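**Student:** Take this sequence and fold it.
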Amino acid sequence: MGSSDDPLRLEYGGDLQGLTMVRQAPPAGAASFSATYVGPAGWGFDPPGEEGTARIVNQLLTSGAGRLDRVALARRLDRAGATLTPECAPESGEVTIWGPAEEWRSLLGLLADVVLRPRFGSDDLERVRRQLAERQLRELTQPASRADRELFRATYPEGHPYRTNGLGDVRSIARIRPDRLRRFHRGHYTSGDAVLVVTAPARLAEVEEEVQRHFSDFGETRGPSLKFPPARTRGGRTISVPLPGRSETDLRLGGDSIPRSDPEYPAAFLANEILGGRAQLSRLFQRIRERGGLVYHAASQLEAMRFGGHWTMGAGTAPKHASHVLGLLRAELDRMETRTVSASELHEVRESAIGELPLALESTADAHELAVEVAYHRLPGDYLTRWPATLREVPPKAVRFAAERAMDRRRAVAILAGPVARS
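**Tutor:** Numbering: from 1, shown residues only. Below you'll find the model as predicted:
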């Protein structure tokens, strides 16, 4: 297999008005195509007082574009056997199209219409407003989502991109009008600081030609910048959020962390996998869920983004066990940061993580998702091929040191959301 036919090797093309083009070969035998545009359009850019704007714009991208209203766009996708999926995050907004490989040129043109020429119909805006209002209610009343909300509010100050999940509130989404959506779209779905990843059977030169043909009409060619006020440094707090009438208490322990570009990210990745990221192999699963039988679920997550990151440990338990389970979570975090992991445990978890890479090449969609992550973080084209060796070079001591830095227990905040006593 040549390098241009290897899905783990990405090819970076020339820029188009600042838009970075990336081509990925599809997995062997794949009959589908994917393309994703990722731009500086996350909810960290929401205008003050109009929180929710980024999510609404992102959602409306797939509700009509160019000459096609929402129904006509849905029928066009149905005829092609294709799908459109929008995603919004603190730093970025993205939209992905997937469909038959033989339709890749026409579908790429359809993606360009969606990114460059959304319709922002008033009826569609009202529908998305209602959807956001429903999500706002769930965030406030469900223990798991409320715990996440309060953790990030306690970790980050006003104006920090990671402080919220971009849903806004009833007042902020009521202020949003079509002209404001168009203004946000023009300034944030730009060619500058954006990437376009194409997983297709065509060669790089063909992909570049099609991209130049379809993606040459951006309203702005310079991407905006995010501001990052310092994260709060006061740790050791426990915040109780009473939610009467619920049967489960959800716990979170977490704080600020490192970006994906940090040299210690591979070691921190392994630390999180050992702690609670690797399902049945993780310590949280084995020691708290399986042996203790005190929780419904227990896991950890390291979200290393382009400009920063955060980490969380979480569990759901009966209210009477909440304080005890929180102590167990803290004990596992302390153990992760003060004791060197054994070579055998590191080997087992590491090889399990490495073993997932070939599984991602079983479908175009999964392989494409890896490529988008690499391209968004501006990692080298051979990053995925080197990832197994990178992980195998991480010694046990490096895992402990990275855990101490990326999941700093001294600055951690604890949240208990559910039928708990007010602290």
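**Student:** Leaving out sequence neighbours, find the closest residue to the residue nearest to the spatial centre of the chain.
**Tutor:** The residue lying closest to the centre of the chain (C-alpha atoms, centre = their mean) is residue 89, at 6.0 Å. Among residues not flanking residue 89 along the chain, residue 42 sits closest, at 5.0 Å (C-beta to C-beta, 6 or more residues apart in numbering). C-betas here are computed from N, CA, C, even on glycine.
**Student:** Next: residue 386.
**Tutor:** Leaving aside its sequence neighbours, residue 386 sits nearest to residue 380 (C-beta to C-beta, 6+ apart; 8.0 Å).
**Student:** Look at the one you found and tell me its secondary structure.
**Tutor:** Assigned with DSSP: H, G, I helix; E, B strand; the rest coil, residue 380 falls in the coil class.
**Student:** That one: neighbour count?
**Tutor:** Residue 380 sits with 12 neighbouring residues when counted by other C-beta atoms under 10 Å.
**Student:** Distance of it relative to residue 105?
**Tutor:** 28 Å (C-beta to C-beta, to the nearest Å).
**Student:** now swap in residue 158 and tell me
**Tutor:** Applying C-beta to C-beta, the value for residue 158 to residue 105 is 46 Å.
**Student:** cool, residue 318 as well?
**Tutor:** Using C-beta to C-beta, residue 318 is found at 56 Å from residue 105.
**Student:** Averaged pLDDT, stretch 129-144. What do you get?
**Tutor:** If you average the pLDDT over stretch 129-144, you get 96.
**Student:** Could you tell me how far residue 279 is located from residue 333?
**Tutor:** Taken as C-beta to C-beta, the span from residue 279 to residue 333 is 18 Å.
**Student:** neighbour count winner among these two?
**Tutor:** Using other C-beta under 10 Å, the more surrounded residue of residue 279 and residue 333 is residue 333, with 25 against 11.
**Student:** Name the secondary structure element that contains residue 128.
**Tutor:** helix 122-141 (DSSP states H and E).
**Student:** what's in contact with that helix?
**Tutor:** 52, 55-56, 59-60, 63-64, 70, 145-146, 149, 165, 167-170, 173-174, 176, 178, 181, 243 (C-beta atoms under 8 Å, 6 or more residues apart in numbering).
**Student:** What's the first helix or strand after that helix?
**Tutor:** Assigned by DSSP H and E, the successor of helix 122-141 is helix 143-155.
**Student:** Quick one: list the elements packing against that next one.
**Tutor:** helix 122-141, strand 238-242, strand 249-257, strand 309-317, strand 413-418 (3 or more C-beta pairs under 8 Å, 6 or more residues apart in numbering; DSSP states H and E).
**Student:** what does that helix contact?
**Tutor:** With C-beta under 8 Å, 6+ apart as the criterion, helix 143-155 contacts 138-140, 162-165, 231-232, 237, 239, 241, 243, 246, 248-252, 254-256, 310, 312, 314, 316, 413, 415-418.
**Student:** Out of the residues you listed, which end up buried?
**Tutor:** 139, 162-165, 231-232, 239, 241, 243, 246, 248-252, 254-256, 310, 312, 314, 316, 413, 415-418 (16 or more other C-beta atoms under 10 Å).
**Student:** wait, the residue nearest to the centre of the chain sits on residue 41?
**Tutor:** No - counting by C-beta atoms under 8 Å, residue 89 does not reach residue 41; the two are 9.4 Å apart.
**Student:** And for residue 175, the neighbour number?
**Tutor:** Neighbour tally, residue 175, other C-beta under 10 Å: 14.
**Student:** Now for it: which residues touch it?
**Tutor:** Counting by C-beta under 8 Å, 6+ apart, residue 175 has contacts 49, 50.
**Student:** per-domain residue ranges of this protein.
**Tutor:** 3-214, 238-418 (automatic domain parsing).
**Student:** any idea how far the shortest one is from the chain center?
**Tutor:** For domain 238-418, the distance from its own C-alpha centre to the chain's C-alpha centre is 14 Å (C-alpha atoms, centre = their mean, to the nearest Å).
**Student:** ends of it, how far apart?
**Tutor:** With C-alpha to C-alpha, to the nearest Å as the measure, the first residue of domain 238-418 is 14 Å from its last.
**Student:** thinking again about what came up before, more neighbours: residue 158 and residue 105, which one.
**Tutor:** Neighbours were counted for residue 158 and for residue 105 using other C-beta under 10 Å; residue 105 has more, 17 against 9.
**Student:** so that one touches residue 210, yeah?
**Tutor:** Yes - with contact defined as C-beta under 8 Å, residue 105 counts as touching residue 210 (5.7 Å).
**Student:** mind checking which helix or strand residue 35 is in?
**Tutor:** Assigned by DSSP H and E, residue 35 falls in strand 32-39.
**Student:** That strand pairs with which strands, parallel or anti?
**Tutor:** As defined by DSSP bridges, the strand partners of strand 32-39 come to strand 93-100 (antiparallel), strand 195-199 (antiparallel).
**Student:** pLDDT weak spots in the stretch 201-350 of the chain?
**Tutor:** Applying pLDDT under 70 to the stretch 201-350 of the chain flags the ranges 291.
**Student:** Could you measure from residue 154 over to residue 289?
**Tutor:** From residue 154 to residue 289 the distance is 25 Å (C-beta to C-beta).
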